[in-house]
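In: Quick one, fold the following:
(4 chains)
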Protein chains: 4
Amino acid sequence: MIIVMGREVTDEQIGAVVKKLETAGLKANISRGIERTVIGAIGDERQLSEEMFTPLPGVESAMHIAKQYKIVSRESHRENTVIDIAGVPLGGKQIQIIAGPCSVETQEQMDLSAKYVHEAGCRLMRGGAFKPRTSPYAFQGHGAEGLDMFRKAAGQYKLPIVTELMDARQLDTFLEYDVDVIQIGTRNMQNFDLLKEVGRCNKPVILKRGMSATISEWLMAAEYIAAGGNHNIIFCERGIRTFETYYRNVLDVTAIPVLKKETHLPVIVDPSHAGGKAWMVAALSQAAVAAGADGLLIEMHPNPCEAWCDADQALTPQELKNLMGTLGGIAQAIGRTL
Amino acid sequence: MIIVMGREVTDEQIGAVVKKLETAGLKANISRGIERTVIGAIGDERQLSEEMFTPLPGVESAMHIAKQYKIVSRESHRENTVIDIAGVPLGGKQIQIIAGPCSVETQEQMDLSAKYVHEAGCRLMRGGAFKPRTSPYAFQGHGAEGLDMFRKAAGQYKLPIVTELMDARQLDTFLEYDVDVIQIGTRNMQNFDLLKEVGRCNKPVILKRGMSATISEWLMAAEYIAAGGNHNIIFCERGIRTFETYYRNVLDVTAIPVLKKETHLPVIVDPSHAGGKAWMVAALSQAAVAAGADGLLIEMHPNPCEAWCDADQALTPQELKNLMGTLGGIAQAIGRTL
Amino acid sequence: MIIVMGREVTDEQIGAVVKKLETAGLKANISRGIERTVIGAIGDERQLSEEMFTPLPGVESAMHIAKQYKIVSRESHRENTVIDIAGVPLGGKQIQIIAGPCSVETQEQMDLSAKYVHEAGCRLMRGGAFKPRTSPYAFQGHGAEGLDMFRKAAGQYKLPIVTELMDARQLDTFLEYDVDVIQIGTRNMQNFDLLKEVGRCNKPVILKRGMSATISEWLMAAEYIAAGGNHNIIFCERGIRTFETYYRNVLDVTAIPVLKKETHLPVIVDPSHAGGKAWMVAALSQAAVAAGADGLLIEMHPNPCEAWCDADQALTPQELKNLMGTLGGIAQAIGRTL
Amino acid sequence: MIIVMGREVTDEQIGAVVKKLETAGLKANISRGIERTVIGAIGDERQLSEEMFTPLPGVESAMHIAKQYKIVSRESHRENTVIDIAGVPLGGKQIQIIAGPCSVETQEQMDLSAKYVHEAGCRLMRGGAFKPRTSPYAFQGHGAEGLDMFRKAAGQYKLPIVTELMDARQLDTFLEYDVDVIQIGTRNMQNFDLLKEVGRCNKPVILKRGMSATISEWLMAAEYIAAGGNHNIIFCERGIRTFETYYRNVLDVTAIPVLKKETHLPVIVDPSHAGGKAWMVAALSQAAVAAGADGLLIEMHPNPCEAWCDADQALTPQELKNLMGTLGGIAQAIGRTL
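Out: Below you'll find the predicted structure:
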């Protein structure tokens, strides 16, 4: 940690900072410049917080220089982590496309969806049984019954299933239906009690980025899960909130190379929620794969116009198939496979 | 709802939209302009969603024109709602300042805090027992034990207590300690299961604005609580996330007059978390009261430099006292009392 | 235009709106719903502004439904426009990579740069002679002398040159040195006098997106140029400002398919300024091409460590060459050439 | 400047950084921590840029610790600067309200406006003759003729005039009509050539904050003006761009205390453009004054419904008068006068 002292700092003020550092078991390096004096902390700075120093007299600012996350950091683990999802590897050379409808509606819709997901060549399936909706008056999902339909449909094609957990009290139900990947939604990225709970189970977790979460907050949220013992974490970029109103969110492709540098864990992208319109999905999917994403989470519906939610962002089965073709070419161009 | 058709729309496409409207029990008004044809839905549009129409051929866009929130809307209730918090009115002519430390640390710290809050002339006290922290390695709060310390300290001055609920499973503990006002934090504004849960109890709820929540999403989150039967909801603006890095958040004072127009419920402001620095709190508090806030939520600590969290944003007891004096003058200038 | 009337609207208020519409030469369609009455304007709504109606009694809101831009709109011109830049086509099947240093430093640096740009297979060269710098104390560019060095260096390889114009008074100098493409920088996207000026000359113009400009404002800025008679406009996405601090800007790849839908003009991307770091450039370039960009604007320096500005974002000549290889594969995968 | 070295730094890499510092005439302080080595620059760091170091091998990041602005900084001038505007002091104990219409329309409208501004008790008048408009097809202002009407109208009440300069080529006209305060609009905050030009004249300049400019960029833009010799600079906060769509911009009241801390120059606020609606202006004006603003820039029109631009944000003469009354009370509560 670096502590920058104000312009007219006194020796007494510097002494107080040094004392606080030493009390915490660290040492101080004092650098007296022309305009500012800077105190560097020598030792494990993770136990320090900036606000331990900023209220002290004479302190102008304090900043961490070491990363605050440990287990998820690439510094702690150089090699890419490949997560095994019921036999399907995520995070290696092969890119995984997880497709399926926004929400579980009927058994027939799920059966058809599973068939189309399989036929398009995807090896994992998504679908929501518990739905976070902006309005309390909107369809909230089928709940446990939805998990049952999903399990049955996906089982026919041996597709591992990915579905969203919204509340810690539903976790037992998820384990009962043997959900393969637990998704934590954007609104729950900093629901710390929920993170601690999934940190205690041994299922892979997709951690969606909060709508306006910084990369650093996102990594710290993953650290909450990891600190509980569950290291099977998959980051999912899904667009961030900005001033632009033409599209729902702005897909942050830069997050892909940045995360690949900061963490050893896999990074996937949800192009469907990012743009919010089906006609944007192909371009965003292609961009994500070209930028180095390890996978995609794509909405597909047997009949988008009839979808119960997010109807305007689901691909048709044929559109998904076409997209898989193009993505295969891009994967090859960057030395990967689909 | 208004449905705007694309430029080269066909009669068949218009017919399909009209049919979908009629199936939902509404009527259609068709307005053929020179560049665009617009279809207006006549009837209760709350049961419609935009995505029911946007994927249909020929549709360019669809937009709601009625508000999506009902119970919390001022249209449904013209008069200001005044909430009774153990005898203290919030939302009327009198402005309420809720003060106290960021987190419950020790019984002594809470006793001192309660004393200073009371002496400054505040009628409500705040303090955190369950703490949402960015890092899993930071102090997470004393939990139930903290509620106990808080209750004892505040009881000496008959100060109703305000504290944050982070997880539905803690609600029973909150009721057991008879917490007077349940606070829902910024990270949980769209934790819908938690909102439903507090909607079922009869305690006043402070609903903090999500870090990047729109006014409309915030009102809808309140509607979740209201839909459960609990109408004692207090909105709390606490700064929004922007590109500016000099301060933690940007206090959105415009939200105050806007909420007072849109809802009958009280609106308070948290100037401490907004700016993130003690030296900004006076100016932001004054601005909030001048803009029409019904109350403030201010961090004060008997000894800020020693605070266990957010040390750089707590006022000293003397600073709080001075601020109360200035706020009294501003309240008077706008025809209110403190 | 749609004018939404408030809940308790009177016939007189509706009459006033209708009268104002009729005075402007349009007709009104009145749709009385259960909660709201909506008035649709029939006729050319471009002459109307929303604020003509919003201050009238009883009006809740007013919104345009037709696009405000005309010449640049794809509605006015279905086919992609291909711009001829001294023989190099931009906007067609072939993707163009424009490379070169941030600023013109010395004749030798420019000669070397031109050589490397040519050797990497790029057909256009960039370089800044007039530099917009945040600080008045930073290097402001060599000005006209820089244009001279640039012209000489690029001429050896017949590379058309792209350089930034910051002030209308420099335009004559630009024409004198026969600059092939005039670049309008992000800070000048809404410098309307400058836009009008380049609208009157017949040189291709690269219009960079303002740091926080919406797609709609950007299209309107282009319309300023087009309205002056110059239709050779190239949009350049260069990252937008958000809350994220890890990287300088967030490259908005979604803008690519959106612009390709809204306008017939070419769209290029500047991955160097977007991320602000050389190690991010490859991933962002690949994403941009995969998403459908017609070209890229990339910073390359013979010796990045010695660059006079933006040293940390320039590629080395070898990095540029390697990137060209990968981009060629991606171009092929999406049916284009490099 | 602080240069943070990566985890596995070598002595050679540290040596290269030290050498670069020494070549620039500074000294290095090396602090070897457990996880990171930090190099502090001792000497005048304003001549260094971060990108001089970030591309060097082994460097993780570099950051300035001294302020980059000098003349405008409060460090360079402790006392508040009070600017004399044709006899009206701005920046002292007395708060100044600058009122008038968005644009100069007719002589009669300006005469009436001047009368109402004067009657409300305001001592300065605003009005636009050159108008920055999003659309090239909208009214662009009367230009020089407008300045003439404005001058005549304001002269009757001896009101100094404030008006916007959009292009350096119009400066002579501004001097000819003896404009009292030159306003630089939000879109031109980083039009560096324009800043340099007004820096060379001796008129007070209102520098509006760019729509998404950071405090630091804003101070640097002012430094451009100051570096030219003109120190009569007034900062004007006018709302920043965020994700919120209910209102045009978010008035950033936090900028007021922050600027008062960072600079000795006056700070005013434009509540009209911030909110974009007349009904928000009173609350925002009150907030701005309560937060410490030295003045306000308010739109008032003799007949808002008939205004040629921004009709929905202008106050009526009576509304302005009422607001002045409330502001007087708030000014008194914080120890100032109106």
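
In: Report how many residues lie close to A:Leu116.
Out: No Leu there; residue A:116 is Tyr. Residues lying near A:Tyr116 (other Cβ atoms under 10 Å in any protein chain shown) number 23. Every residue, glycine included, has its C-beta placed from N, CA and C.

In: before we move on, what about A:Gln170?
Out: Number of residues near A:Gln170 (other Cβ under 10 Å) recorded here: 20.

In: Repeat that for A:Arg32.
Out: Using other Cβ under 10 Å, A:Arg32 is surrounded by 14 other residues.

In: and it, what are its bridge partners?
Out: With DSSP bridges as the criterion, A:Arg32 is bridged to A:Thr37.

In: Check what pLDDT it gets.
Out: pLDDT, A:Arg32: 85.

In: is it true that it touches D:Ile42?
Out: Yes. A:Arg32 is within contact range of D:Ile42, at 7.4 Å (criterion: Cβ atoms under 8 Å).

In: Tell me who's in contact with A:Arg27.
Out: In this structure residue A:27 is Lys, not Arg. A:21, A:41-43 (Cβ atoms under 8 Å, 6 or more residues apart in numbering or on different chains).

In: chain center to the lengthiest helix in chain A: distance?
Out: Using DSSP state H to define each element, chain A has its longest helix at helix A:317-333. Helix A:317-333 has its C-alpha centroid displaced from the chain centroid by 23 Å (Cα atoms, centre = their mean, to the nearest Å).

In: same question, stretch A:62-77
Out: Between the centre of stretch A:62-77 and the centre of its chain there are 17 Å (Cα atoms, centre = their mean).

In: what's the burial count for the residue nearest to A:Met211 when sequence neighbours are not counted?
Out: Nearest in space to A:Met211, with sequence neighbours left out and distances taken as Cβ to Cβ, 6 or more residues apart in numbering or on different chains, is A:Arg241 at 4.7 Å. A:Arg241 has 24 neighbouring residues, counting by other Cβ under 10 Å.

In: One more: A:Arg7?
Out: Neighbours of A:Arg7 under the rule other Cβ under 10 Å: 12.

In: Please give me every residue in contact with it.
Out: A:35-36, D:75.

In: helix/strand/coil for it?
Out: Per DSSP: H, G, I helix; E, B strand; the rest coil, the local secondary structure of A:Arg7 is coil.

In: ok, it to A:Arg36 distance?
Out: According to Cβ to Cβ, to the nearest Å, A:Arg7 and A:Arg36 sit 7 Å apart.

In: Likewise for A:Ala213?
Out: From A:Ala213 to A:Arg36 the distance is 32 Å (Cβ to Cβ).

In: Contact partners for the closest residue to A:Leu147 other than its chain neighbours?
Out: Nearest residue to A:Leu147, sequence neighbours excluded (Cβ to Cβ, 6+ apart): A:Tyr177, at 4.2 Å. By Cβ under 8 Å, 6+ apart, A:Tyr177 lies in contact with A:144, A:147-148, A:150-151.

In: right, and A:Met280 touches C:Ala255 too?
Out: No. Using Cβ under 8 Å, A:Met280 makes no contact with C:Ala255, being 10.4 Å away.

In: Could I get the full set of helices for the stretch 151-300 of chain A?
Out: Along the stretch 151-300 of chain A, the segments classed as helices by DSSP state H, counting those that start in this stretch run A:171-176, A:192-199, A:215-227, A:255-262, A:271-275, A:278-290.

In: Let me have those in a markdown table, adding mean pLDDT, distance to D:Glu79 and mean neighbour count as columns.
Out: Output for the helices of the stretch 151-300 of chain A, formatted as a markdown table (pLDDT from 0 to 100; distance: least, Cβ to Cβ, whole Å; neighbours: other Cβ atoms under 10 Å in any protein chain shown):
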| stretch | mean pLDDT | distance to D:Glu79 | mean neighbour count |
| --- | --- | --- | --- |
| helix A:171-176 | 96 | 62 | 14 |
| helix A:192-199 | 96 | 48 | 23 |
| helix A:215-227 | 97 | 40 | 24 |
| helix A:255-262 | 98 | 45 | 22 |
| helix A:271-275 | 95 | 51 | 27 |
| helix A:278-290 | 97 | 54 | 27 |
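
In: just the CA coordinates of stretch A:270-277, formatted as PDB?
Out: The C-alpha coordinates for stretch A:270-277 follow below in PDB (Å, rounded to 0.1, in the frame of the first residue of the first chain):
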ATOM      1  CA  ASP A 270     -23.900 -14.000 -22.900                       C
ATOM      2  CA  PRO A 271     -24.500 -12.100 -26.200                       C
ATOM      3  CA  SER A 272     -28.300 -12.500 -25.900                       C
ATOM      4  CA  HIS A 273     -28.800 -10.400 -22.700                       C
ATOM      5  CA  ALA A 274     -26.100  -8.000 -23.800                       C
ATOM      6  CA  GLY A 275     -27.700  -6.700 -26.900                       C
ATOM      7  CA  GLY A 276     -31.300  -7.700 -26.100                       C
ATOM      8  CA  LYS A 277     -32.200  -8.300 -29.700                       C
END
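
In: Are it and chain D in contact anywhere?
Out: No. Using Cβ under 8 Å from any Cβ of the partner chain, stretch A:270-277 never reaches chain D; the gap is at least 14.3 Å.

In: Please list the residues of the stretch 201-338 of chain A that sit near chain D.
Out: Residues of the stretch 201-338 of chain A lying near chain D by Cβ under 8 Å from any Cβ: A:212, A:241-243, A:245.

In: Buried only: go through these for me.
Out: Among these, those buried by neighbour count (16 or more other Cβ atoms under 10 Å in any protein chain shown) are A:212, A:241-243.

In: For those residues, could you give me CSV that also reports pLDDT and distance to B:Ile98?
Out: Shown next, in CSV, are those (pLDDT from 0 to 100; distance: Cβ to Cβ, whole Å):
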residue, pLDDT, distance to B:Ile98
A:Ser212, 96, 26
A:Arg241, 97, 29
A:Thr242, 97, 33
A:Phe243, 96, 32
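
In: Greatest separation within these: which pair is it?
Out: A:Ser212 and A:Phe243 (11.8 Å; Cβ to Cβ).

In: Give the intersection of the neighbour lists for those two.
Out: D:Phe243.

In: any idea how far chain B is from A:Gly199?
Out: Distance, A:Gly199 to chain B, using Cβ to the nearest Cβ, to the nearest Å: 8 Å.

In: One more: A:Leu338?
Out: A:Leu338 is 27 Å from chain B, by Cβ to the nearest Cβ.

In: which residues does that residue contact?
Out: A:94-95, A:97, A:121, A:324, A:327-328, A:331.

In: what about 7 Å?
Out: Contacts for A:Leu338 (Cβ atoms under 7 Å, 6 or more residues apart in numbering or on different chains) come out as A:95, A:324, A:327-328, A:331.

In: With A:Val269 instead?
Out: A:Val269 is in contact with A:236-237, A:288, A:293, A:296, counting by Cβ under 7 Å, 6+ apart.

In: Give me the nearest residue to it, chain neighbours excluded.
Out: Nearest non-adjacent residue to A:Val269, counting by Cβ to Cβ, 6+ apart: A:Ala288, 3.8 Å away.

In: Equivalent analysis for A:Arg187, please.
Out: Per Cβ to Cβ, 6+ apart, closest to A:Arg187 is B:Gln190, 4.0 Å.

In: residue contacts, that neighbour?
Out: Taking Cβ under 7 Å, 6+ apart, we find B:Gln190 in contact with A:132, A:187, B:210, B:221.
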